[in-house]
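Asker: A structural model of the following input is requested.
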Amino acid sequence: MAIKLHDSMFVHPGPWLRSELIDAHGLTIVDAAARLGVTRQSLSPVLNGHGGVTPEMAIRFHKVFGIDPETLLRMQSAYDLAQVRARADEIKVGEPIAA
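Answerer: Next comes the predicted model:
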């Protein structure tokens, strides 16, 4: 039997990155963006949980902070899936195909 985790267990990686890496190193978003080689406008939505961590952004965080990019992408994927599962009843499809 698989363990079922509550959807609240899945957090957006952006706010976590902000608190555990950006803030922990005393960086501003502008400083972090410069180190990551992106604009503040592209980094801010990610760190505020309004934009997703892309594979490219995960590599950038890996290069600057040493964090495993696969971990960031798994966090993002788990968060995204939990968000969709929360509204799964609203998703309409045709009749299921029997196996």
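
Asker: burial measure for Ala34, as a count.
Answerer: When counting by other C-beta atoms under 10 Å, one arrives at 14 neighbours for Ala34. C-beta here means a position set from N, CA and C on the backbone, and glycine is covered the same way.

Asker: and if you look at the one 4 residues further on?
Answerer: Neighbours of Val38 under the rule other C-beta under 10 Å: 16.

Asker: Which helix or strand contains the closest residue to it other than its chain neighbours?
Answerer: The spatially closest residue to Val38, leaving aside those adjacent along the chain, is Arg60, at 6.8 Å (C-beta to C-beta, 6 or more residues apart in numbering). Take DSSP states H and E as the rule and Arg60 turns out to sit in helix 55-65.

Asker: List of residues touching that helix?
Answerer: Contact with helix 55-65 is made by 17, 21, 25, 35-38, 46, 53, 67-70, 72-73, as judged by C-beta atoms under 8 Å, 6 or more residues apart in numbering.

Asker: And the next helix or strand past that helix?
Answerer: Following helix 55-65 in sequence, per DSSP H and E, is helix 69-85.

Asker: other SSEs contacting that following helix?
Answerer: The contact analysis (3 or more C-beta pairs under 8 Å, 6 or more residues apart in numbering; DSSP states H and E) places helix 69-85 against helix 13-17, helix 55-65.

Asker: Which residues does that helix contact?
Answerer: Residues contacting helix 69-85 (C-beta under 8 Å, 6+ apart): 7, 9-13, 16-17, 52-53, 55, 57-59, 61-62, 91.

Asker: Can you name the residues that contact His12?
Answerer: Here His12 is in contact with 49, 75-76, 79 (criterion: C-beta under 8 Å, 6+ apart).

Asker: Kindly recompute the last result at 6 Å.
Answerer: 49, 79 (C-beta atoms under 6 Å, 6 or more residues apart in numbering).
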